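> generate coordinates for the sequence data below:
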Amino acid sequence: MAESVAALSPPLLAHLARRIGADGPMSVAAYMEEALFHPRWGYYATRDPLGARGDFVTAPEISQVFGELIGLWCAALWQRLGAPDPVHLVELGPGRGTLMRDALRAARVVPDFARAARLHLVELSPVLRAAQAHALAAAAPAWHDDLATVPAGPMLLVANEFLDALPIRQFVRGAATWRERVVTMEGDALAFALEAAPADEADLAAAAPGAVREIRPASRTLARAIGERLVAAGGAALFVDYGYWPSACGDTLQAVRRHRAHDVLAEPGEADLTAHVDFADFARAAEAAGARAWGPVPQGLFLERLGLSARAARLAANAEPDAAARIRSGCTRLAAPEAMGRLFKALALTPADGPPPAGFA
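Numbering: from 1, shown residues only. Below is the predicted model:
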């Protein structure tokens, strides 16, 4: 058995086989944690996944306008908060640093905000940290493995396509009870199986047989931590991601490799794994900690309220024809309902008595 496990490739598969052999089947959440974040062989530890040569493209890479509008959103809200100095400007999962680079450039129109902001990046990937250091050298960022180590004080937090990568647990409704989907080994390959669901999962309501319910424990923990921090020190948090509202059943776990759908269990560590965000569940956890949730608002509507079309028109007017066409097509991709405009949503958190953030009714 040991020899056959050692021969498995990639090395993360051999590691998972040893873990399953020793401890038994693992939850989908544990599998995602290993596949994405294992310090040696995890997906994010070994590559820059973004761009045409990577596996997927995010909004900041599609158009500079996305980051610019978020930078202005932060600066305007900072003014409404009473201009705290210093203020911690935090990004969760900053990718290559593109969003924050564009945000800080746009925020220069409010010089006092630019001087007050102290940049903190929560990032585990050494590959992406290197890219961020290059893109954001002038801003002197500090890096963190976890939000908990960001210093106390007023905070403006931004997270684009961060929640979707947090691990999920999956539960499948049987004829009378729920069972948890787990990952096990069948021969030399990973496979899904079902086990009895823990009795403490009280939010598994009645559903039709075959229904799948996804629960994201790390998202709830993060929402509570942010809510408590905003109540204690002030500020706001903005999350933009793809997902659904209200809470619902559905199997949304997916893998992407080289911009194409990929088998979730094939070649662990070589493909991105995500699942749609349950915005209602995230909001409930934050509000239970004393915060107020705003939205979610469809991304297209949110960006239009911040001035997407006007900014794109100004950029296109001063660009060569080919560049102007790229500007317009990029902004259309961000906002059009049939592209990213409806599935992607924006949700903000503030203290209960905080001012309403721009873009939210």
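> what segments of the stretch 201-350 of the chain are strands?
Under the criterion DSSP state E, counting those that start in this stretch, the stretch 201-350 of the chain contains strands at 212-215, 235-244, 254-257, 260-262, 272-274, 277-278, 291-298, 344-351.
> show me the shaky parts of the stretch 151-300 of the chain.
When residues are selected by pLDDT under 70, those of the stretch 151-300 of the chain lie in 199-203.
> for it, just list every one of the helices.
217-233, 279-288, 299-306 (DSSP state H, counting those that start in this stretch).
> out of these, deepest packed?
Neighbour counts (mean count of other Cβ atoms under 10 Å) averaged over each of the helices of the stretch 151-300 of the chain peak at helix 299-306, with a mean of 23. From N, CA and C alone the C-beta is placed, and that goes for glycine too.
> compute the inter-axis angle for that one and strand 235-244.
Here helix 299-306 runs at an angle of 150 degrees relative to strand 235-244 (axes from the mean of the first three to the mean of the last three Cα atoms, to 10 degrees).
> can you give me how far helix 299-306 is from the chain middle?
Taking Cα atoms, centre = their mean, to the nearest Å, the mean C-alpha location of helix 299-306 is offset from the chain mean by 19 Å.
> what's it in contact with?
Helix 299-306 is contacted by residues 59, 65-66, 69, 72-73, 240, 295, 297, 334-337, 340-346, 358-360 when judged by Cβ atoms under 8 Å, 6 or more residues apart in numbering.
> need the buried ones from those selected in ChimeraX.
Buried residues among the contacts of helix 299-306 (16 or more other Cβ atoms under 10 Å), as a ChimeraX selection:
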select :59,65,66,69,72,73,240,295,297,334,335,340,341,343,344,345,346,358,359,360
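> pLDDT averaged over stretch 22-33 - what is it?
The average pLDDT for stretch 22-33 rounds to 98.
> same thing with stretch 68-86?
In this model, stretch 68-86 has a mean pLDDT of 98.
> what residues does that stretch touch?
For stretch 68-86, the external contacting residues (Cβ under 8 Å, 6+ apart) are 87, 89, 99, 102-107, 109-110, 112-118, 153-154, 156, 158, 160, 234-236, 238, 303, 306-308, 311, 354-355, 357-359.
> and the most centrally placed residue in the chain, what does it touch?
Nearest to the mean C-alpha position of the chain, counting by Cα atoms, centre = their mean, stands residue 162 at 1.1 Å. With contacts defined as Cβ under 8 Å, 6+ apart, residue 162 is in contact with 92, 93, 239, 241.
> elements contacting the strand or helix carrying residue 120?
Using DSSP states H and E, the element containing residue 120 is strand 117-122. Packing contacts for strand 117-122, counted by 3 or more Cβ pairs under 8 Å, 6 or more residues apart in numbering; DSSP states H and E, involve strand 87-92, helix 98-106, strand 142-144.
> could I get those as TSV with mean neighbour count and distance to residue 319?
TSV is the format used below for the helices and strands packed on strand 117-122 (neighbours: other Cβ atoms under 10 Å; distance: least, Cβ to Cβ, whole Å):
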stretch	mean neighbour count	distance to residue 319
strand 87-92	24	28
helix 98-106	23	16
strand 142-144	15	34
